[in-house]
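1. heads up, no residue letters with this:
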């Protein structure tokens, strides 16, 4: 048997009918539990975007290296999606989630006392990988959705995820302003520990039907990617959108701290809070997908993303004079950017979750892992662009990602 045959055999071995979590239909209370859980867990992934101005200098990192702090967690998250989340098709999901949360608690606690930049980057990578348990929870919720309502349930859970992403930045800034950036990771560790206890008592069991080895499971990822063009296309455009998102949010804290804005961490926190409004539209995109509007809605999302970064470049170019109008316009661009990225991710997640219900864990891991690689690249590029050409270079880099996504939409 050659490599291709072996991969196909592994995929076949994993192709039993999907098991429903607890053989029950998801309730409103359970949907809220899933949404709150993913929102809490995802907080530590994006918080470094507004803390780079504090973490980098405190550990001796150069301005061009500031993006590494944000990149480490996102890259770890992507690694977890490729190598840990596929276990959702092999291991009982409740046990898997609780073990990953325990690792996240330990990593966050170590991050709060990390003595050097190298040690912090390593432990943030581990924290990101453990936080990928989010993508074990999302397919569990989807598997409990009534027929034809996958988009609604995914959209509702994604609302919690996106609120967590968008609130992570202002919360981290407020904590750092009052107690320092290390205190934020101490709070993350304590919060995740409490969440693990709650989920230990309430999370429904979901035992996957697969009977394959871990090696076969991982090998089947490439086969799934090869056989599913929708997965390839949606993951690619989602990675571009996430790159544009990360470029903006990694560098905007640096722009807001510079003249003429001169905002403190508390001011940056208030600005970041503005972007949270974008999460309100998440369920709308899930319902748009259920009605068959996926393609036009996706194109609209990418157009909004490009327009948002163009507005951000215009607003952030202010050097003197009044600051209120540029700041308001910059806030508007943040809301538009978040709407575009939230919509793209919700529509893409719905599309890939409908491909093969029997392989939801692996497909979801591939999709989210690929777009978080885009996010990690965007975070790294943000520091380089800022050091090279300032805010305009940052916005141009983000717009390029959006334009490429639009071209892919039109060619797909």
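-> On my side now, so go ahead. Please read all numbers here as calculations on a predicted model, not as lab measurements.

2. So, low pLDDT: which residues of the chain?
-> 1-24, 60-66, 148, 150-151, 209-211, 275-280, 282-283, 318-322, 361, 412 (pLDDT under 70).

3. how about the strands of it, start to end?
-> Per DSSP state E, the chain carries no strands over any range.

4. How much space separates the nearest residue to residue 87 once chain neighbours are set aside from residue 86?
-> Leaving aside its chain neighbours, residue 87 sits nearest to residue 96 (5.6 Å; criterion: Cβ to Cβ, 6 or more residues apart in numbering). Where C-beta positions appear, they are placed from N, C-alpha and C, glycine not excepted. Residue 96 sits 10 Å away from residue 86, going by Cβ to Cβ, to the nearest Å.

5. the more surrounded of those two?
-> residue 86 (28 against 21; other Cβ atoms under 10 Å).

6. burial count for the nearest residue to that one once chain neighbours are set aside?
-> Computed as Cβ to Cβ, 6+ apart, the closest residue to residue 86 that is not its neighbour in sequence is residue 362, at 4.6 Å. For residue 362, the neighbour count with other Cβ under 10 Å is 29.

7. go on, residue 390?
-> So residue 390, with other Cβ under 10 Å, has 16 neighbours.

8. And residue 310, by the same measure?
-> If we define neighbours as other Cβ under 10 Å, then residue 310 has 17 of them.

9. How about residue 384?
-> 17.

10. My guess is it contacts residue 68. True?
-> No. With contact defined as Cβ atoms under 8 Å, residue 384 does not reach residue 68; the gap is 10.4 Å.

11. Okay, the one residue sitting closest to the centre of the chain and residue 55: tell me how far apart.
-> Centroid-nearest residue in the chain, with Cα atoms, centre = their mean: residue 372, separated by 6.3 Å. Distance of residue 372 to residue 55, computed by Cβ to Cβ: 20 Å.

12. Repeat that for residue 79.
-> Residue 79 is 21 Å from residue 55, by Cβ to Cβ.

13. the more surrounded of these two?
-> residue 55 (22 against 19).

14. so that one makes contact with residue 120?
-> Yes. Counting by Cβ under 8 Å, residue 55 touches residue 120, with 7.3 Å between them.

15. which residues are common contacts for these two?
-> Jointly contacting residue 55 and residue 120 under the rule Cβ atoms under 8 Å, 6 or more residues apart in numbering are residue 69.

16. Which parts of the stretch 1-150 of the chain are helices?
-> 3-13, 28-41, 43-46, 48-58, 67-83, 93-111, 117-130, 134-143, 150-179 (DSSP state H, counting those that start in this stretch).

17. how about the last one: buried residues?
-> With burial defined by 16 or more other Cβ atoms under 10 Å, the residues of helix 150-179 counted as buried are 150-177.

18. Please work out the angle formed by the directions of that helix and helix 28-41.
-> Counting by axes from the mean of the first three to the mean of the last three Cα atoms, to 10 degrees, helix 150-179 lies at 40 degrees to helix 28-41.
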